[in-house]
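A.B. asks: I'd like to go over a predicted model; first the sequence, then the structure.
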Amino acid sequence: MSDWGFVAAALAIGFFGSSHCIGMCGGISSALGMAVPGRKPAWGQLVSYSAGRLGSYALMGAIAGALGAAVLPTLTPLRVLAGLMLVAMALYIAGWWRGLVWLERGGAHLWRYLQPLSRQLLPVNSAPQALALGSIWGWLPCGLVYSALTFALAQGGSGQAALAMFAFGLGTVPAMFATGAAGARVRELVQRPRVRILMALLILLFGLWTIWGAVGHAGHGAHGSHTGHGEPAVESTEPGGHHHHH
């Protein structure tokens, strides 16, 4: 994948997975946008709420990326896992397989401590309140977020993982804004079976693409990076002596 290809992929995963986000977070976003019947959406609160979520996602990615870089010798198995997670998420969104429910239940242990804090911020009457609520709500147990986090972790390094998660969150913002502005109408649209299946198929393609890229990369490494005796071959280096990675 190119240097910035993973950012575009993470952005697309967030955008196409928005149907799931609306089901999980749409109520909050709608409440912020339509706080007072007959008035225009509270755009300042919507922006602040989204900024809080994106900040939490980036922090999540940075932590996971740092841990992954410290303990994982190679990213190939993790990239395969990331692809499988995206496939599972696609099946989940389409309603064909609900296996990711167990993963969301696992994350519920942390959410049990954070949910009372989020309740104290309701109702939201200011942008700072919305920012704080978004920062907490970013940790809501969500199979799509966990799938994106695995994808981000597979990019290697704290900075790249944080950037991937930020891009993922950015991809979900249009749907959150639309929900805040149009409320039930947007939710009704994305809950239509054809729309959900279309979005699920696009995420499925990203998952298969990720697996194919990981397997192809592993095959290339197996044939190009080692000799027949199992010893590493000479690797090309960039100026300064740093090894060049694909």
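C.D. replies: Done, it's in.
A.B. asks: Could you find the closest non-adjacent residue to Leu75?
C.D. replies: Nearest non-adjacent residue to Leu75, counting by C-beta to C-beta, 6 or more residues apart in numbering: Gly156, 5.2 Å away. To be clear about C-beta, it is placed using only N, CA and C from the backbone, and glycine gets the same treatment.
A.B. asks: In which helix or strand does Leu103 reside?
C.D. replies: helix 101-120 (DSSP states H and E).
A.B. asks: Show the subsequent helix or strand relative to that helix.
C.D. replies: Assigned by DSSP H and E, the successor of helix 101-120 is helix 127-137.
A.B. asks: I'd like to know which elements that next one is packed against.
C.D. replies: helix 18-33, helix 43-71, helix 101-120 (3 or more C-beta pairs under 8 Å, 6 or more residues apart in numbering; DSSP states H and E).
A.B. asks: Turn those into TSV, columns for distance to Ile136, mean pLDDT and mean neighbour count.
C.D. replies: Output for those, formatted as TSV (distance: least, C-beta to C-beta, whole Å; pLDDT from 0 to 100; neighbours: other C-beta atoms under 10 Å):
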stretch	distance to Ile136	mean pLDDT	mean neighbour count
helix 18-33	10	64	22
helix 43-71	8	92	20
helix 101-120	5	85	13
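A.B. asks: Indicate which one of those helices is closest to Gln129.
C.D. replies: Across these, Gln129 has its closest neighbour in helix 43-71 (7.8 Å, C-beta to C-beta).
A.B. asks: So which bits of the very next helix or strand once past that closest one are buried?
C.D. replies: Remark: after helix 43-71, the chain's next helix or strand is helix 76-94, criterion DSSP H and E. Going by neighbour count (16 or more other C-beta atoms under 10 Å), the buried part of helix 76-94 is 76, 78-94.
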